[in-house]
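1. After the sequence you'll find the predicted model.
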Amino acid sequence: MSGAEEKALSEFSADADKWFAENTPGDPGFMLPLSFLEVSTDQQFEFLCNWQRKVWEAGYLGAAWPSEYGGGGLPQEFQDAATKAMRRHGGPVFLNAIGLGWAGPLLLEMGTQEQKSQYLKNILSAEDIWCQGFSEPDNGSDLGNAQLKAERDGDSYVLNGSKIWTTLGNYAKHMILLARTGSDAPSKYAGLSFFLSPMTVDGVETRPIRKVTGEFGFTQTFFTDARIPADCLMGEEGQGWLIAMRTLEYERGARGGQAGGYVLTPFDAFSILDLAKNSTRGGKPVLDDPVIRDRLVDFIIEGQSLGLCDQRGRIAPLNQDRPAGLSLSNKLMWTEFVRRLCEFAITLTGEKGGYYVGEENAVEDGLWTRAYLNSFGATIGGGTSEIQRNIVAEHVLGLPKK
Amino acid sequence: MSGAEEKALSEFSADADKWFAENTPGDPGFMLPLSFLEVSTDQQFEFLCNWQRKVWEAGYLGAAWPSEYGGGGLPQEFQDAATKAMRRHGGPVFLNAIGLGWAGPLLLEMGTQEQKSQYLKNILSAEDIWCQGFSEPDNGSDLGNAQLKAERDGDSYVLNGSKIWTTLGNYAKHMILLARTGSDAPSKYAGLSFFLSPMTVDGVETRPIRKVTGEFGFTQTFFTDARIPADCLMGEEGQGWLIAMRTLEYERGARGGQAGGYVLTPFDAFSILDLAKNSTRGGKPVLDDPVIRDRLVDFIIEGQSLGLCDQRGRIAPLNQDRPAGLSLSNKLMWTEFVRRLCEFAITLTGEKGGYYVGEENAVEDGLWTRAYLNSFGATIGGGTSEIQRNIVAEHVLGLPKK
Amino acid sequence: MDHLGRIGFSEEQADLLEVAENFCRERSPMEKVRTLLEDDAGYDTAVWEEIAKLGWLGIAIPEEFGGAGLSLAEAVPVIEAMGRYLLAGPFIPTTLAAQLLCDGGSDAQKAAWLQKIAGGAIATLALSEPDGRWDDTEIAATAVKNADGYRLSGVKTFVGDAAQAEIILVSVKLDDAPALMLVEKSALPETALRRETIIDETRRSYELTLDGVTAPASALMDQDRAAMALERLRLAATLLGTAEMVGGNRAVIDYTIDYLTTRKQFGKTIGSYQALKHPTVDAYTMFEQARSHLYAAAHCFNEQGTGEIATRMAKAQAEKSLSYAADRAIQFHGGFGFTYECDAHLYRRRAIWHASQFGDAAWQKEKLAALLF
Amino acid sequence: MDHLGRIGFSEEQADLLEVAENFCRERSPMEKVRTLLEDDAGYDTAVWEEIAKLGWLGIAIPEEFGGAGLSLAEAVPVIEAMGRYLLAGPFIPTTLAAQLLCDGGSDAQKAAWLQKIAGGAIATLALSEPDGRWDDTEIAATAVKNADGYRLSGVKTFVGDAAQAEIILVSVKLDDAPALMLVEKSALPETALRRETIIDETRRSYELTLDGVTAPASALMDQDRAAMALERLRLAATLLGTAEMVGGNRAVIDYTIDYLTTRKQFGKTIGSYQALKHPTVDAYTMFEQARSHLYAAAHCFNEQGTGEIATRMAKAQAEKSLSYAADRAIQFHGGFGFTYECDAHLYRRRAIWHASQFGDAAWQKEKLAALLF
């Protein structure tokens, strides 16, 4: 980076810091979701759409996307600086996660000029919410076995089948969809195709699914003779598996292009240090308990690890043995850490850990218990931790598949 | 049990207690093995043989084996009481483990009159040490794939091949041996046969193997045209796998008939409580440290668990769902517990944990570090913990093999 | 060490275990459990009457008061079975209240209430306070003597099934010493009880505001015995909570195994993957250990010293074991595990609940360290 | 939190890492490591001379004394590489002694020794005492001034490579305050050193009996700076020990993966079993975390507050990670893992060694709690 660029970056960074200091919203008077997976009321939805639009308009979301598609046309470092500023001021999450993190980068990498013009700007502005249609009721982990049928009929594809765990399914305008176009393909993978499918056509219906937390957050989506334009196909027929794997790499952090910001409240272990400082267990201040202190230090060390691994991932000479190691391990390490962290946080609240969301006596309105239950969304969704371990074992460590 | 029997038992028990109080040897001036796996000097060997013979002569070993074969002819409860007394007084281990715990019970259950007369008494008296020949260098966990060949030739079998991890291989007079008699058998299992094989014939050679602790304790055993009498065959040709599995059940505690006593120093968590009471870490008394106290309690709870599980295993109504569950889990639970316990014990010794066996400044002559390294003998030998988990999963929980 | 527990198991326990298992399986199928989650009272009164008829409420009540004259050891298998089938109802609070009455009630109170309880009257306890103490070293609620009896004040939390109870035994400070008051629910103003939102939706818990509540002179329990009775009560609550956890632990493992042996992914039954198989084995062995501790605690409960050690060990192990098994159960059910429809979370919530009540595993271990070292 | 560390990585570090990796791989193949286990001195003097020529001993020695004038951050990649290939020798004690001289030596001592050390003279430290303290709050060894200098007494333990060292820096109490004495090995009586039997057989450690040892007046290091220098030294030792562990951690994971990808059982490569595969992934992610902590500690080492936090975190994580990886390495090698011939135990022993020196993970965490909360 040149001296001029560095100067520009540091000015941009200072501006972002100032902007988030002034514009980050305070307590809206209702509980905000910790992640895009947890939006369960219209109130939350509207609030988060407005927030995302506002950040984008200010130039702090999509800063590194091309300017002709609504981005800022700046180097990635600028977006990173903006995200950092947002994090520092504790802004709410962005809810258009699939658009910003999966569909957007995919379009940038593989989309036609037309597709980019059609979709990208509305992803940034939260005008179009995107969802993802990979898992099916009988094939949660085994994506390659997807059975939803897409049959070509003239200028259309006709969709039949069902997808499950559709986050924001009831709000989304588009779905990235993995469907079966060829039943006589040489392998199950070769029969799959990838679509940018509208959710607003006839024959697409969503049924809300109640989450383990008791809240609603995602849907099952049913396709019954749903007819979508043929140009919704991404790439060619039969390339679905390849494209889906590529989008998973975006999610796993192994490939860049994300619009920026964050879609999960970034838990570091310090988020529970405040809790610990203000809590009692069995009538005694939590931080007086050496055993709790010891476990808290464990979590802080681990949380700090993860941040440091992000930093180290960008230093090539420190990643020579297994260059993809840190990025492919990222999801596994974070999601398991958050699950354990939240579980531990409950124990900090002592007797009040028996309360739940909605109880006036609960600590932080039951946030931590809910966050713990919600954390399984991340250890299960997007490839379970068990699948993630297979991926790291096989693709990073070179252990045999069979 | 009748009133008279109960009275006899309680008298026997009191006598045993008195006997062990008077006869349990003190410190012999050299380090005694914690288990039969760790005998590495002639001095240790002779000492432990003498001790076993002495206990047997007093009637406290083999008390429940038939009197015609050197046993006491008493109900099992009598032996249990004697073992308990021995444990209470901290007697040394019995080293003829394979004889007392595997070969003996097998002979009692399946042996001919002749075999019983020939072998059983000498097992109890430690006159004949037994060893076990199941594992082979290339088939550590995969016993069914044993390749050592036994070819029938007139009144003999001719053995060729090699066995590994033969505990006491250099002292043993007999080996229970799994060998391949049929190369054209319908399955790899059906080609196996089981032998009570002499170690003292020509063509049998042992090479000592150095253990992870740095000590010597077992051997690799080579068979080169070794000729053994045909009546060494146990059961019929082809029954080897069945019989081997049965002997493993003795080891795993799923089947009775063991002569009694113990072959591993019984670690309970209280064995490290004394260490904790007498140790300092970083200059401070260990028991002043609340974090260490907490972990110590964990170990004591777990150690107590295992003893209680032994007790509960004998109460049928509390084992109705999975009757074999406790006995088949026993080896896994104990060996993993001991490994973790010993590992933790090292940390209790603080800076002195850097010393090892033979160092005058070491705590208890490096016992705990050695015990930790030795503990892998039990988590690996006799079916690794990974194999044990498969066994429990498949045979107790009914989870599918493939 | 000789002061550690041992297992013993009486014929009564064995019989009760068998009968209770069958009863709970039949009376508390999962659809019923699910329906009751939404129910105000949270349990089936007809089943409660059956339980009363079976005599289970009187198991540990002396024969002179209409009970069976056994001990809490015999209540353990019953509660274990209830825990296994998530059978809802005020059995634990009522059983504990009866014990507290036996230990700390006046003769008149025992005579008036124990028989009724054995016959099905619901009773409960109001010990917890907003400061979240797990012991009774300080009690903020007070009773002040006046002409008619006592004027009470303060707030009690986690009062189980209070809305259905006929009597509530309340801990207070009276003349600067701990005391227990037997408060009849009918004497409470309408606004005294507020239902709390708790993590375990199979149970009902209430906040009780004592301000403005008065109790007659006869409400005071034996004050000389209050401190001792409270201490015993908390240990008894620890034992019974453990029994419920152990029952649930067994169920959630069975529930997980069911899924692992039927669900297929990548063309294989998922239970064949060691990634799921081996942690399930670990959950199972931990459970077996918890169950062994439970029966040692039940057997030794009344032995001075030993009973406390065995009970605290049992709770620590059961909480750890149930938490682990239920956490893994959610995970191993995959996407389905993340739904409310999957039963795994019911057990996970229950473990969180029991951790919060009467001291969690970490607290039990701190007590154990003091008892053992 | 702003006082936590960040990663930075200099060009010098990158160069040194690459050069050191290559050097150690060539100079310390496993047969060599095995041979040196049995060797008295425990290292190859020819390799030591090469190391001196490469300038690594002077990395953190100021240029005026013949060093490179860099910092310990640049020694970290060198030691990491040595740890990876188990390269034996007195590099760590010598580097630490040089630091202690820089921080607490008199001008004359620095002038006399730093250049020599940069050129290959071996130096070491005698801080530990039989009470096993991990700090210098109390020192039992004493120096008493007399006409010719000082009369020393007391016992020091864990003096690394003392038999090969030219100088030993000894902590003592002098006039009731901590002091450091530069003792020349040639001044020690034959009987002063006794080789200790330690768990890590790749290194050499000695007990040093000071009774009867005298030192000239010039042996006293700057007493005003002794306490500060000792504190910094212990932290430096923590950092360098961590670097060695992280190197070993990488090696033992690679070693395990080698076995898992070649050994077959039941007709399958054992690395395909999730029972071995998944814990290996856990070992790997823990290692990556430890390595990240190491480079944050190296980068921030000289920042007040931050350096201490980062270093203690790094050691706690590295000890946990290496212990786990090496423990699993033994287990996953099956019967072979239980033999001395398998290399896994070399790493496990090394983790035990580092845990014993300068405070183990539990102790670091206690310090961290005080620093963080």
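-> Looks like it came in fine. Numbering: from 1, shown residues only, chains lettered A, B, ... in the order given.
2. Leaving out chain neighbours, which residue sits closest to residue 67?
-> Since you didn't name a chain, this refers to chain A. Distances taken as C-beta to C-beta, 6 or more residues apart in numbering or on different chains place A:G73 nearest to A:S67, at 3.6 Å, with adjacent residues excluded. Bear in mind the C-beta positions are built from the backbone N, C-alpha and C, glycine included.
3. meant chain C, my bad for not saying
-> Distances taken as C-beta to C-beta, 6+ apart put C:I61 closest to C:G67, at 2.5 Å, once the chain neighbours are dropped.
4. Help me confirm that that neighbour comes into contact with C:K116.
-> No: using C-beta atoms under 8 Å, C:I61 makes no contact with C:K116, being 10.5 Å away.
5. Just want to know which of these two has more residues nearby.
-> Using other C-beta atoms under 10 Å in any protein chain shown as the criterion, C:I61 and C:K116 rank with C:I61 on top: 24 against 17.
6. Return the distance of that one relative to C:D224.
-> Using C-beta to C-beta, to the nearest Å, we find C:I61 at a distance of 22 Å from C:D224.
7. Contacts only, for the residue nearest to A:S67.
-> When contacts are counted by C-beta atoms under 8 Å, 6 or more residues apart in numbering or on different chains, A:G73 touches A:64-67.
8. got these as CSV, with pLDDT and neighbour count columns?
-> Converted to CSV, these look like this (pLDDT from 0 to 100; neighbours: other C-beta atoms under 10 Å in any protein chain shown):
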residue, pLDDT, neighbour count
A:A64, 94, 22
A:W65, 96, 29
A:P66, 96, 13
A:S67, 95, 11
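9. Pull the most distant pair out of the residues you listed.
-> Pairwise distances across the contacts of A:G73 peak at 10.4 Å for A:A64 and A:S67 (criterion: C-beta to C-beta).
10. And for A:G358, the neighbour number?
-> When neighbours are counted by other C-beta under 10 Å, A:G358 registers 14.
11. For it, which non-adjacent residue is spatially closest?
-> Distances taken as C-beta to C-beta, 6+ apart put C:T197 closest to A:G358, at 4.4 Å, once the chain neighbours are dropped.
12. So chain C: which segments form each domain?
-> C:2-122, C:124-223, C:227-372 (automatic domain parsing).
13. any chance of those in a markdown table, plus mean pLDDT?
-> Rendered in a markdown table, the data for the domains of chain C read as follows (pLDDT from 0 to 100):
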| stretch | mean pLDDT |
| --- | --- |
| domain C:2-122 | 96 |
| domain C:124-223 | 97 |
| domain C:227-372 | 97 |
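14. Out of the ones you listed, which is the most enclosed?
-> Among those, the stretch with the highest mean neighbour count (mean count of other C-beta atoms under 10 Å in any protein chain shown) is domain C:227-372, at a mean of 23.
15. Residues of the stretch 201-350 of chain A that sit close to chain B?
-> Within the stretch 201-350 of chain A, the positions adjacent to chain B are A:289-291, A:294 by C-beta under 8 Å from any C-beta of the partner chain.
16. Need the max-distance pair from these.
-> Farthest pair in those (C-beta to C-beta) is A:D289 and A:D294. Separation: 9.1 Å.
17. any idea of the mean pLDDT for stretch A:391-400?
-> Averaging pLDDT along stretch A:391-400 gives 96.
18. Say whether chain B is contacted by that stretch.
-> No: Stretch A:391-400 lies out of reach of chain B by C-beta under 8 Å from any C-beta, never closer than 14.9 Å.
19. Using PDB, write out every CA atom in that stretch.
-> Provided in PDB are the C-alpha atoms of stretch A:391-400 (Å, rounded to 0.1, in the frame of the first residue of the first chain):
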ATOM      1  CA  ILE A 391     -13.200 -31.300   6.400                       C
ATOM      2  CA  VAL A 392     -10.300 -30.100   8.500                       C
ATOM      3  CA  ALA A 393      -9.000 -33.700   8.800                       C
ATOM      4  CA  GLU A 394      -9.200 -34.400   5.100                       C
ATOM      5  CA  HIS A 395      -8.500 -31.100   3.500                       C
ATOM      6  CA  VAL A 396      -6.000 -29.600   6.000                       C
ATOM      7  CA  LEU A 397      -4.300 -32.600   7.600                       C
ATOM      8  CA  GLY A 398      -4.600 -35.000   4.700                       C
ATOM      9  CA  LEU A 399      -6.200 -37.800   6.600                       C
ATOM     10  CA  PRO A 400      -7.900 -40.300   4.500                       C
END
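20. buried residues in it?
-> Within stretch A:391-400, the residues that qualify as buried by neighbour count (16 or more other C-beta atoms under 10 Å in any protein chain shown) are A:391-394, A:396-397, A:399.
21. quick check, stretch C:142-155 touching chain A?
-> No: Stretch C:142-155 is not in contact with chain A by C-beta under 8 Å from any C-beta; minimum separation 9.5 Å.
22. what's that stretch in contact with?
-> Contacts with stretch C:142-155, where a contact means C-beta under 8 Å, 6+ apart, come from C:129-130, C:140-141, C:170, C:172-175, C:179, C:181, C:183, C:207-220.
23. My guess is A:T200 contacts A:A172. True?
-> No: counting by C-beta under 8 Å, A:T200 does not reach A:A172; the two are 9.2 Å apart.
24. Between those two, point out the one with more neighbours.
-> A:A172 (25 against 8).
25. so where do the helices sit in chain A?
-> With DSSP state H, the ranges of helices along chain A come out as A:3-23, A:42-58, A:76-88, A:97-98, A:104-110, A:113-124, A:240-251, A:270-278, A:290-313, A:325-348, A:367-380, A:385-391.
26. now, of these, which is deepest in the fold?
-> helix A:97-98 (a mean of 26).
27. Which neighbouring elements make contact with it?
-> Judged by 3 or more C-beta pairs under 8 Å, 6 or more residues apart in numbering or on different chains; DSSP states H and E, the packing partners of helix A:97-98 are strand A:130-133.
28. Can you list the strands that the strand it packs on pairs with?
-> Strand A:130-133 has its sheet partners listed here by DSSP bridges as strand A:174-180 (parallel).
29. returning to what we had before: mind listing what the residue nearest to C:G67 touches?
-> The contact partners of C:I61, by C-beta under 8 Å, 6+ apart, come to C:67-69, C:98, C:102, C:114, C:117-118.
30. anything in the biggest helix by length in chain C near chain D?
-> Ordering each helix of chain C by length in residues (DSSP H) puts helix C:226-260 first. No: judged by C-beta under 8 Å from any C-beta, helix C:226-260 makes no contact with chain D; its nearest approach is 13.6 Å.
31. Could you tell me which residues of the stretch 251-373 of chain C lie near chain D?
-> Residues of the stretch 251-373 of chain C lying near chain D by C-beta under 8 Å from any C-beta: C:273-275, C:278.
32. Having no further points to raise, I will conclude here.
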